[in-house]
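1. For reference, the sequence and a predicted model appear below.
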Amino acid sequence: MWTRRDDLTGGAMDDALKAIGDRIVAALPGAGLSARIAFGELTLNANAGSLLQTLTFLRDDAECQFICFTDLCGADYPEREKRFDVVYQLLSPKKNLRVRVKVQTDEATPVPSAIPVFPAANWCERETYDLFGIIFDGHPDLRRILTDYGFEGHPLRKDFPMTGFVEVRYDDQEKRVLYEPVRLNQEFRQFDFLSPWEGASPLPGDEKAKP
């Protein structure tokens, strides 16, 4: 018999989540799953090849019923050989419990699209592709969704420059939007955050900066 999440605290919560994790790992012995509980949350680490099998079991099993896909995102760890985590967040309204599924991949290896199991993953996979460059095999329309056409790179990778590569401005003479390489005319600038009038000194309020 299951206990609602609202009625669980501390160790009881961990015990309920551990029971779910143990059940899933035992039910899919060839999927390479491992379960971990941290901060009151259950995380399942899966191989990309067994992702759809894992998601299908979580959705359809009578003791799980994680039928609600809530989110998908990426995470970048450039020091790893497989630098990306793809993270799936699922909710079981029946059990009032959540589970997180993680798979690892690199820049060139596709991850199976979760759309056959959870159609709501469509735009989330496009966003993850756009911002991280993670490829989702079998996605029906894998293209950028947040950045502009012709955007270079993937802005949530940790090696992406803070300035980006291109700046956009509207040209009044040409009456159109122009895309130009980023120009940093000044590498360093000292700001006086106490005064809105830089270079005008002394001004009322500047004495606050004195020790």
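-> Nice, I can see it.

2. show me where this protein has helices.
-> 11-27, 51-60, 121-132 (DSSP state H).

3. Nearest approach to V111 belongs to which of the ones you listed?
-> When those are compared by C-beta to C-beta, helix 51-60 sits nearest V111, at 6.8 Å. In this view, the C-beta of every residue, glycine as well, is placed from N, C-alpha and C.

4. The helices of the chain: which one's closest to P140?
-> helix 121-132 (7.6 Å).

5. Please put the alpha-carbon coordinates of the closest one into PDB.
-> Provided in PDB are the C-alpha atoms of helix 121-132 (Å, rounded to 0.1, in the frame of the first residue of the first chain):
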ATOM      1  CA  ALA A 121       9.000  16.200 -24.900                       C
ATOM      2  CA  ASN A 122       8.800  17.700 -28.400                       C
ATOM      3  CA  TRP A 123       9.600  21.400 -27.600                       C
ATOM      4  CA  CYS A 124      11.900  20.500 -24.700                       C
ATOM      5  CA  GLU A 125      14.100  18.400 -26.900                       C
ATOM      6  CA  ARG A 126      14.200  21.200 -29.400                       C
ATOM      7  CA  GLU A 127      15.200  23.700 -26.700                       C
ATOM      8  CA  THR A 128      17.900  21.300 -25.400                       C
ATOM      9  CA  TYR A 129      19.300  20.800 -28.900                       C
ATOM     10  CA  ASP A 130      19.300  24.600 -29.500                       C
ATOM     11  CA  LEU A 131      21.100  25.500 -26.200                       C
ATOM     12  CA  PHE A 132      23.400  22.500 -25.800                       C
END
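
6. Contact partners for the most centrally placed residue in the chain?
-> Nearest to the mean C-alpha position of the chain, by C-alpha atoms, centre = their mean, lies C73 at 2.5 Å. Each residue near C73 by C-beta atoms under 8 Å, 6 or more residues apart in numbering is listed here: V86, V87, C124, T128.

7. Then F136?
-> P110, V111, P112, S113, A114, E125, T128, Y129, L142.

8. For P116, see how far away the residue nearest to the centre of the chain is.
-> Distance of C73 to P116, given as C-beta to C-beta, to the nearest Å: 20 Å.

9. do T128 as well
-> When T128 is compared with P116 (using C-beta to C-beta), they lie 17 Å apart.

10. of these two, who's got more company?
-> Legend: neighbour count by other C-beta atoms under 10 Å for T128 and P116, higher for T128 (25 against 12).

11. now that one: how far from D148?
-> 18 Å.

12. what are the ranges of the strands in this structure?
-> 34-38, 41-45, 68-76, 84-92, 97-105, 111-112, 136-137, 166-171, 176-181 (DSSP state E).

13. can you list these in TSV and add distance to A26 and mean pLDDT?
-> Output for those, formatted as TSV (distance: least, C-beta to C-beta, whole Å; pLDDT from 0 to 100):
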stretch	distance to A26	mean pLDDT
strand 34-38	10	89
strand 41-45	13	92
strand 68-76	24	97
strand 84-92	18	96
strand 97-105	15	94
strand 111-112	23	97
strand 136-137	28	97
strand 166-171	51	82
strand 176-181	54	82
